[in-house]
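> dropping a prediction and its sequence here:
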Amino acid sequence: MGAEKTRWVRDKGNKHGRHDFVGDPFWQDDVLRKKYCGQSSKARIVVLGGGDGALQDTMRCLFDEPTPLETINLLLDSSSYVQGTLERVYIKILAIEQQHAASQSWVSEGGTAQELSALHKAYLRIIQSIAKDRLIRTPLLKMLRKDVEIVHLVIRDSSLGEAYSLNRFLILLVNECQKLHTEPGAVNLKLIFNAEVTRICGNIPKLDIEITKAGTAPVYIRGIMHMSVRFGVDADSAPGQQIGISYQDSTNRRELATIPQPLFPLD
């Protein structure tokens, strides 16, 4: 869909530290699913971004399963109680996702942040309730990787960005569960909202990072062994995609009339 933005560039007013840092492309093999995330000891990870790319990288550092679907299926299989609870939760999440999708057809571009914030809060109301349930929290936390020490997910905004529902659900569920309890030896997730990386010093696997939130003193994270930069797609390079209603596909246009449409019974 276009060139990935995987480069962090320092602010021009900051004369200290590295000028930039270039992370691995998302659609390229990396080390995150290897033991210690490819390092020689328990890995310390930073992920920049709040969309699907960032959430996917974060979850690969949190869980052994290669995909979020396999992770949620393993959680569902842990007990009939978990399965029943999450099935009821799914109905509520489906409703709020449908409402969010419908709202996108009438809000202006400037309203996107408010819509994502509302979606974030709706998820939290559901997730904070089930995170208090030990029968849900315990099996989830036991699934976390033991060969990763910590994952910092640094997000510029006050909420997660556009993301698949399952990715959003699992990240927020782990975060809320760990606020109440931590599994000894398991990876720790740190969600950091309204924050920017303002300085980077050193090189992998000993990267030191300065994170700044508005109105607060900088926080330093030291000894980072891997950093993912997931700032989305460069809008200027995206080819665009349009839908037409003729029978002839063309460059950047896919014609709806060429897609077989199912027939639904009227009764």
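Received it, and whenever you're ready, just let me know what you need.

> residues contacting the helix ranked longest in the chain, please?
The single longest helix within the chain, with elements called by DSSP state H, is helix 80-103. With CB atoms under 8 Å, 6 or more residues apart in numbering as the test, helix 80-103 has contacts from 72, 75-77, 115, 118-119, 122-123, 126, 130, 133, 135-136, 139, 165, 169. Using the backbone N, CA and C atoms, a C-beta is placed for each residue, glycine as well.

> quick one, what contacts Lys206?
Counted by CB under 8 Å, 6+ apart, Lys206 has contacts Gly223, Ile224, Met225.

> rerun at 10 Å
Arg44, Arg222, Gly223, Ile224, Met225 (CB atoms under 10 Å, 6 or more residues apart in numbering).

> quick one: distance of the longest helix of the chain to the chain centre.
18 Å (CA atoms, centre = their mean, to the nearest Å).

> equivalent analysis for stretch 220-237, please.
Distance, centroid of stretch 220-237 to centroid of chain: 12 Å (CA atoms, centre = their mean).

> can you say which of the contacts of Lys206 are buried?
Using 16 or more other CB atoms under 10 Å as the burial test, those include Arg44, Ile224, Met225 as buried.

> so which strand or helix has the first one?
So that's Arg44. Element membership for Arg44 (DSSP states H and E) is strand 43-48.

> can you pull the contacts of the nearest residue to Asp11 once chain neighbours are set aside?
Of all residues not flanking Asp11 in the chain, Thr198 sits nearest, at 6.5 Å (CB to CB, 6 or more residues apart in numbering). Counting by CB under 10 Å, 6+ apart, Thr198 makes contact with Arg10, Asp11, Gly13, Asn14, His16, Gly17, Ile209, Glu210, Ile211, Thr212, Pro218.

> tell me the strands beside whichever strand or helix holds Thr198, with direction?
Per DSSP H and E: Thr198 is located in strand 195-203. With DSSP bridges as the test, strand 195-203 is paired with strand 206-213 (antiparallel).

> quick check: angle from the partner strand to strand 43-48?
Between strand 206-213 and strand 43-48, the angle comes out at 40 degrees (axes from the mean of the first three to the mean of the last three CA atoms, to 10 degrees).

> flag the shaky bits of the stretch 1-150 of the chain, pLDDT-wise.
In the predicted model of the stretch 1-150 of the chain, residues 1, 104-111 satisfy pLDDT under 70.

> what segments of it are strands?
Along the stretch 1-150 of the chain, counting by DSSP state E, counting those that start in this stretch, strands occupy 7-9, 20-22, 43-48, 148-154.

> just want the angle from the very next helix or strand once past the longest one to strand 148-154.
Elements were assigned by DSSP H and E; along the chain past strand 148-154, the next helix or strand is helix 165-180. For helix 165-180 against strand 148-154, the angle by the same axes, to 10 degrees is 110 degrees.

> can you list the buried residues in helix 165-180?
Buried positions in helix 165-180, judged by neighbour count with 16+ other CB under 10 Å: 165-178.

> do stretch 68-76 as well
Pro68, Thr71, Ile72, Leu75, Leu76.

> same question, stretch 122-133
Ala122, Tyr123, Ile126, Ile127, Ile130, Ala131.

> what's the closest non-adjacent residue to the fifth one?
Read it as Ile130. Ile130's closest residue in space is Ile136 (CB to CB, 6+ apart), at 5.0 Å.

> the one you found: neighbouring residues, count only.
Residues lying near Ile136 (other CB atoms under 10 Å) number 23.

> give me every residue that touches it.
Here Ile136 is in contact with 75, 78-79, 81-82, 85-86, 89, 127, 129-130, 173, 177 (criterion: CB under 10 Å, 6+ apart).

> distance check, it against Leu75.
Going from Ile136 to Leu75 by CB to CB, to the nearest Å gives 8 Å.

> between those two, which contacts overlap?
In contact with both Ile136 and Leu75: Val82, Leu86, Leu173, using CB under 10 Å, 6+ apart.

> out of these, who's nearest Gly185?
Taking CB to CB as the measure, Gly185 sits nearest to Leu173 out of the shared contacts of Ile136 and Leu75, at 19.8 Å.

> out of everything not next to it in sequence, what's closest to the closest one?
Ile127 (5.2 Å).
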